[in-house]
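A.B. asks: Take this sequence and fold it.
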Amino acid sequence: MLVRSEKRWVTAEADPRVAEDIARTHGFSRAMARALVTRGLVDHAEIEKFLQPRLADLTDPFSLPGMQTAVDLILSHIEQGSAILVYGDYDVDGVTATALMIQVLSGLGAVAVPFLPHRIEDGYGLGVETLHRCIENYHPNLIITVDCGTSSVEAVREAARLGIDVIVTDHHEPAAEGVAEACAIVNPKLGGGPEDIRMLAGVGVAFKVCHGLVKAARQRRMEAAEKLDLKTFMELVAVGTVADIVPLLKENRILVYHGLTLLNRTQSVGLRTLIEAAGISGYVDTYHIGFIIGPRINAAGRLGNAEAALELVLTEQEPRARILAQQLDDASRKRQEIEDKIVQEACSDLDGRFDAGRDFGLVVAHPHWHAGVIGIVASRIASRYNRPVVVIGMDDDGVGRGSCRSVPGFDLLKHLQQCSPMLRRYGGHAMAAGLEVDHSRIEEFAARFNEVCAATLSRVDQRRQLLVDAWITPGDIGDPLYHDQNRLRPFGHSNPLPVWAIRNVTPLFPPRVIGGKHLKILFSMGGRQREAIGFGMGDREVPDGPLDIAFNLILNRYNGQEYLQLHLQDLRPTQHAD
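C.D. replies: Predicted coordinates:
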């Protein structure tokens, strides 16, 4: 069955005089200058900072509340020769943050070991049972959490009772349990710090702590600190930051911009081997981190234990790296198979009962759905239905463990708070969260979740919004525009690849479906033939006659040739300009 577009095209206003001034001052085409204006980049100094991110513009790490206490305590433990445990997380952000912290602590002469919780057995964060196991196995005097710990109230209290210091470094919003009473907490989400670093990933917060450590250690004339160059670890920061889908603006942009440069000439045996094993050639960009590198690092943790991913990132032995990279590749394929099966089952359930006028928050549950994969499943379902989604795996212990994903502009955590009486626990962000709920209360929770979502979403246009950066002419497509848009790299969350739109173009031939699910259309533009590909759009109805098309402009490499290709975001019968 062919489907029609249900997207609402939106073009932000752009003052043509401001765009003209930007084009002239910064050497952009008029189309690109209009796109900058629609993204809010109108101040010349801000544009220059955006185009040329400088490490010198990074904020002082000691501007973060809790940093001075954390740094002083860590250095004190290093000087005393204390046993330090770095407690991480099983996703890409947590793995890279753990690797970063371990390498910097070791470089400063610390006796430090990493620990990554098991997704199924331990769950997210520092729990009391896992704390006791860590103490039994490693006997730490100091525990430093990375990418977790803010709401580990009971475990931090238990550590204090046992005489163990805990420092929390994290970027998550506090959950219902409150904020742990650690010796120090470094978390920009708790407020009191510069706005530029509020949206750091967990690895970004860990980097700030490492920066503070090296800075303070040099002031103390610690010889080891003089030999540490933090810039060499920025590739880890880039990988974790991009994979955690935080906004690539402000400090995150600086970190990823410079981290990508390092990643493309990496000296890390593990990362280089992973890139090679994944078949990536040419420049490694945010796309490759988000869709190729990140999922492989994530795969081990999603299916259970993330230790193979951490070992790969840290190893200096090429034979071992090749074995580990193959393990992650195998795990990634297995994860994909499990994910596809769950998506099929979930959509089979939802398709039969979904009513666009009644259902605004979707909950789907099933016995034994894999807890490590349901987050990706929830993202795919949220995209398919354009609704906030909760996917719950029901275990034998009577507890359902769910992953929640939102849609743009909808604060998921705020609405889950209105369902809290039905939940055992919950926490997360505006766009993603996790929860636990008793089997007996899933139906009640589903009704309440739909109710609170409807109170917000029933008042707004439910069509997906397509943001068009600028309308251009067929003659605008070419190398100059492609190179113009690349000056905005790195692309990612809050700085997406520009969406260009063209009016009144007609296919040269009937559209074709390729690969079973992709749409291919050829257009004549600016005196030459242009190829447009709509990935996953093979079931789309293509109206007869002239079209308006919205697309990303991509450099495609095929059979040793390079050419510009249009990646379709949407198409519709041509309409008059507003």
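A.B. asks: next one: phi and psi at residue 432?
C.D. replies: Phi and psi for residue 432, reported as degrees, to the nearest 10, are phi -150, psi 140.
A.B. asks: Can you report how many residues neighbour it?
C.D. replies: Neighbourhood size, residue 432 [other CB atoms under 10 Å]: 18. (Glycine included, C-beta is placed from N, CA and C.)
A.B. asks: Now do the contacts for the nearest residue to it once chain neighbours are set aside.
C.D. replies: Once flanking residues are discounted, residue 432 sits nearest to residue 405: 5.6 Å by CB to CB, 6 or more residues apart in numbering. Applying CB atoms under 8 Å, 6 or more residues apart in numbering, one finds that residue 405 lies in contact with 375, 378, 379, 381, 382, 388, 389, 412, 431, 432.
A.B. asks: I figured the last one hits residue 376, correct?
C.D. replies: So the one you mean is residue 432. No - under the criterion of CB atoms under 8 Å, residue 432 is not in contact with residue 376, lying 11.0 Å apart.
A.B. asks: Can you show me the strands along the stretch 401-550 of the chain?
C.D. replies: Taking DSSP state E, counting those that start in this stretch as the test, the strands found in the stretch 401-550 of the chain are 425-428, 432-438, 464-468, 470-471, 500-505, 512-514, 518-525, 528-534, 547-558.
A.B. asks: would you turn those strands into TSV with distance to residue 183?
C.D. replies: Shown next, in TSV, are the strands of the stretch 401-550 of the chain (distance: least, CB to CB, whole Å):
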stretch	distance to residue 183
strand 425-428	22
strand 432-438	26
strand 464-468	45
strand 470-471	51
strand 500-505	52
strand 512-514	58
strand 518-525	54
strand 528-534	54
strand 547-558	47
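A.B. asks: want to try JSON lines for these, with mean pLDDT as columns?
C.D. replies: Output for the strands of the stretch 401-550 of the chain, formatted as JSON lines (pLDDT from 0 to 100):
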{"stretch": "strand 425-428", "mean pLDDT": "83"}
{"stretch": "strand 432-438", "mean pLDDT": "91"}
{"stretch": "strand 464-468", "mean pLDDT": "91"}
{"stretch": "strand 470-471", "mean pLDDT": "94"}
{"stretch": "strand 500-505", "mean pLDDT": "96"}
{"stretch": "strand 512-514", "mean pLDDT": "93"}
{"stretch": "strand 518-525", "mean pLDDT": "93"}
{"stretch": "strand 528-534", "mean pLDDT": "94"}
{"stretch": "strand 547-558", "mean pLDDT": "93"}
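A.B. asks: right, so of these, which gets closest to residue 314?
C.D. replies: strand 432-438 (27.3 Å; CB to CB).
A.B. asks: which other residues reach that closest one?
C.D. replies: 124, 375, 390, 392, 398-406, 412-413, 416, 422-428, 445.
A.B. asks: Give the pairing partners of it; include direction for each.
C.D. replies: Strand 432-438 has these partner strands in its sheet, going by DSSP bridges: strand 399-405 (antiparallel), strand 425-428 (antiparallel).
A.B. asks: list the buried ones in the first one?
C.D. replies: Going by neighbour count (16 or more other CB atoms under 10 Å), the buried part of strand 399-405 is 400, 401, 402, 403, 404, 405.
A.B. asks: roughly how far is that strand from the heart of the chain?
C.D. replies: Relative to its chain's centre, strand 399-405 lies at 19 Å (CA atoms, centre = their mean, to the nearest Å).
A.B. asks: Report the rounded mean pLDDT for it.
C.D. replies: If you average the pLDDT over strand 399-405, you get 93.
A.B. asks: what pairs with the closest residue in space to residue 543 that isn't next to it in sequence across the strands?
C.D. replies: Setting aside the residues directly before and after it, residue 543 is nearest to residue 573 in space (CB to CB, 6+ apart), at 4.5 Å. With DSSP bridges as the criterion, residue 573 is bridged to residue 547.
A.B. asks: pLDDT score assigned to residue 573?
C.D. replies: pLDDT at residue 573 comes out at 94.
A.B. asks: Indicate which one of the strands of the stretch 401-550 of the chain is closest to residue 327.
C.D. replies: strand 432-438 (26.0 Å).
A.B. asks: how about the closest one: buried residues?
C.D. replies: Applying 16+ other CB under 10 Å to strand 432-438 flags 432, 433, 434, 435, 437 as buried.
A.B. asks: do the same with stretch 329-344
C.D. replies: When burial is assessed from 16+ other CB under 10 Å, stretch 329-344 yields the following buried residues: 329, 331, 332, 335, 338, 339, 342, 343.
A.B. asks: so of these, which ones are in helices?
C.D. replies: Within the buried residues of stretch 329-344, residues falling in helices by DSSP state H are 329, 331, 332, 335, 338, 339, 342, 343.
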